[in-house]
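**Q** sequence first, predicted model second:
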Amino acid sequence: MEVIDFKKELKHLYHSSSKEVVVVDVPSMNFLMVDGEGDPNTSQSFSDAVGALFAVSYTIKFMIKKGAIAIDYGVMPLEGLWWAYDMMKFSQDDKSNWKWTIMIMQPSFVTREIIEDAFAEVKKKKNPVSLSKVRFESFSEGRCAQIMHIGPFSEEGPTILKVHQFIDSISHRTGKHHEIYLSDIRKAHPSRWKTIVRQPMK
């Protein structure tokens, strides 16, 4: 059986220096996604969305492993796109007006047929409340700047500013604020949380 570590295969996208901002070209990839709004720290809909995404992603993983393709791989980390309709009000202090799309990347060999089978299986076994909100689609960012933030989410401000200042010195920002969560926050101490902070740029 073939074993693939996509975080290593895509190391330039899923690992980054914590000392300097780097530029990456992000290709079009397929994701399971859920849209929502509100403070992720207090929103039940956010927790429900995360649960649904991982339920479907792990079901797909085991279908692939046991099926005709017979490939074993690790489920990719949770990612989030964050914004507000009025970006002047997009504040770390008040997250109640935040809009978000959370997502998990799916390997290229995951077809819509497999996705549909996985949905049916998850609905039969667990039927999470946000399952109907999960969608499967391609997402492309192109040229981006990114850096690794180490520490709690509440201390990301200076890291985000560093990315913005880097982009503003050579180009201009576009798209949505993007974060990739590499740590299991249920197990790791907040001081050791690793988050890739990414921002698309022209």
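**A** Thanks, I have the structure now.

**Q** C-alpha only now, for contacts and for neighbours.
**A** Noted.

**Q** tell me which strands and helices the strand or helix carrying residue 198 is in contact with?
**A** Assigned by DSSP states H and E, residue 198 belongs to strand 194-200. If you count contacts as 3 or more CA pairs under 8 Å, 6 or more residues apart in numbering; DSSP states H and E, strand 194-200 packs onto strand 142-150, helix 157-170, strand 177-181.

**Q** can you rerun that using 10 Å?
**A** Applying 3 or more CA pairs under 10 Å, 6 or more residues apart in numbering; DSSP states H and E, one finds that strand 194-200 contacts helix 11-14, strand 22-26, strand 79-83, strand 142-150, helix 157-170, strand 177-181.

**Q** how about the fourth one: buried residues?
**A** Residues 144, 145, 146, 147, 148, 149, 150 are the ones in strand 142-150 that count as buried (16 or more other CA atoms under 10 Å).

**Q** with only the CA atoms kept, save that strand in CSV.
**A** Presented in CSV, the C-alpha positions along strand 142-150 are these (Å, rounded to 0.1, in the frame of the first residue of the first chain):
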residue,chain,number,x,y,z
GLY,A,142,-2.0,32.2,-6.5
ARG,A,143,0.8,34.4,-5.2
CYS,A,144,0.8,34.8,-1.4
ALA,A,145,3.0,35.9,1.5
GLN,A,146,3.1,33.7,4.6
ILE,A,147,4.9,33.1,7.9
MET,A,148,4.6,30.7,10.8
HIS,A,149,3.0,32.1,14.0
ILE,A,150,4.0,30.3,17.2
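
**Q** for the record, mean pLDDT for it?
**A** The pLDDT scores in strand 142-150 average 97.

**Q** and it with strand 22-26, angle?
**A** If you take axes from the mean of the first three to the mean of the last three CA atoms, to 10 degrees, strand 142-150 sits at 130 degrees to strand 22-26.

**Q** for the residue nearest the centre of the chain, give its distance to residue 14.
**A** Closest residue to the average C-alpha location of the chain: residue 79 at 1.0 Å, with CA atoms, centre = their mean. Going from residue 79 to residue 14 by CA to CA, to the nearest Å gives 10 Å.

**Q** same question, residue 20
**A** From residue 20 to residue 14 the distance is 15 Å (CA to CA).

**Q** mind listing what's buried in stretch 102-121?
**A** Applying a neighbour-count criterion of 16+ other CA under 10 Å, the buried positions in stretch 102-121 are 102, 103, 104, 105, 106, 115, 117, 118, 119, 121.

**Q** same question for stretch 12-30.
**A** For stretch 12-30, burial by neighbour count (16+ other CA under 10 Å) applies to 13, 14, 15, 16, 18, 21, 22, 23, 24, 26, 30.

**Q** report the longest helix in this protein, please.
**A** The residue-count maximum for a helix in the chain (DSSP state H) belongs to helix 44-66.

**Q** so what does that helix touch, helix or strand wise?
**A** strand 29-37, strand 71-73, strand 99-106, helix 112-125.

**Q** for it, buried residues please.
**A** Those buried within helix 44-66 under the rule 16+ other CA under 10 Å are 45-46, 49-65.
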